[in-house]
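Asker: everything below, folded, please.
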Amino acid sequence: MKQKRLPALVAASLAFAAVPAFAQSAGDWTVGIGVHQVDPTSDNGALAGGTLPLSIDSDAKPSVTFEYFVRDNLGIEVLGALPFKHEIAVKGVGKVGETKHLPPTFTLQYHFNSAGKVSPLLGIGLNYTTFFSEDTTGALAGTDLELEDSWGLAAHAGLDFKVSDRGALRVDVRWADIDTRVKVDGASLGTANIDPLVYGVAYVHNF
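Answerer: Now for the predicted structure:
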């Protein structure tokens with residue numbers, strides 16, 4: 001009797017061990033809840049013909065991702081977050097304004113080693129950033145500041161650390177090409193190059 005049970009137990013054990021391998025199959029989808037920090041590059045460009053070098057600070061906000069797997073290990077992800085808020089300064093002058101923005105990002109990404117405890121991912125996609133609630137202060141106080149919306153390429157790399165058959169802790173970094181034309185009282189002053197690195201940590205659940 002024991003010999004008859006042994007093959008069945010082995011088969012059941014193998015099936016259980018293989019569960020993570022099917023966690024990212026075609027037709028599956030995931031939801032991730034976490035926090036991401038938008039960290040603009042150190043060189044944010046300059047206005048007024050290069051005479052006013054810009055500096056834009058960082059901000060972190062809660063974020064959410066949705067990913068649908070069109071093929072095994074290959075998914076389409078959208079990233080959303082609460083509005084990020086950034087101070088805008090001119091080097092040597094100080095803070096001149098602030099703005100909020102939403103940067104929804106769509107990415108086609110591939111997950112490697114999805115059956116393992118650690119699963120890397122790489123992706124490339126498109127970022128759309130819309131700016132709003134622009135305010136001015138300091139040298140620009142009383143003027144009307146406008147930042148135009150931006151379209152640009154985006155890249156994504158991350159690691160998923162499996163914590164259960166359906167859950168993983170993800171750490172990732174993203175890059176987005178975000179350039180916005182800056183207008184003050186309707187006059188164009190140049191382009192701000194934000195081009196941030198976006199660092200994040202999230203819990204990702206597979207359905």
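
Asker: quick check: the closest residue to residue 197 other than its chain neighbours vs residue 68, distance?
Answerer: Using CB to CB, 6 or more residues apart in numbering and skipping residues adjacent in sequence, the residue nearest residue 197 is residue 39, 5.0 Å away. Glycine gets a C-beta too; all of them are placed from N, C-alpha and C. Computed with CB to CB, to the nearest Å, the distance linking residue 39 and residue 68 is 28 Å.

Asker: between the two, which one's more packed in?
Answerer: Neighbours were counted for residue 39 and for residue 68 using other CB atoms under 10 Å; residue 39 has more, 17 against 13.

Asker: and that one, what is it in contact with?
Answerer: 58, 196, 197, 198, 199 (CB atoms under 8 Å, 6 or more residues apart in numbering).

Asker: now do residue 152
Answerer: With contacts defined as CB under 8 Å, 6+ apart, the neighbours of residue 152 are 126, 127, 129, 176, 177, 178, 179.

Asker: bridged to the third one, which residues?
Answerer: Meaning residue 129. Here residue 129 shows beta-bridge partners residue 150, assigned using DSSP bridges.

Asker: how many neighbours does it have?
Answerer: 24.

Asker: check contacts around it.
Answerer: Residues in contact with residue 129 (CB under 8 Å, 6+ apart) are 101, 102, 103, 149, 150, 152, 176, 178, 180, 194.

Asker: tell me the contacts of the closest residue in space to the first one that isn't next to it in sequence?
Answerer: This means residue 101. Leaving aside its chain neighbours, residue 101 sits nearest to residue 131 (4.8 Å; criterion: CB to CB, 6+ apart). Residues in contact with residue 131 (CB under 8 Å, 6+ apart) are 99, 100, 101, 147, 148, 149, 180.
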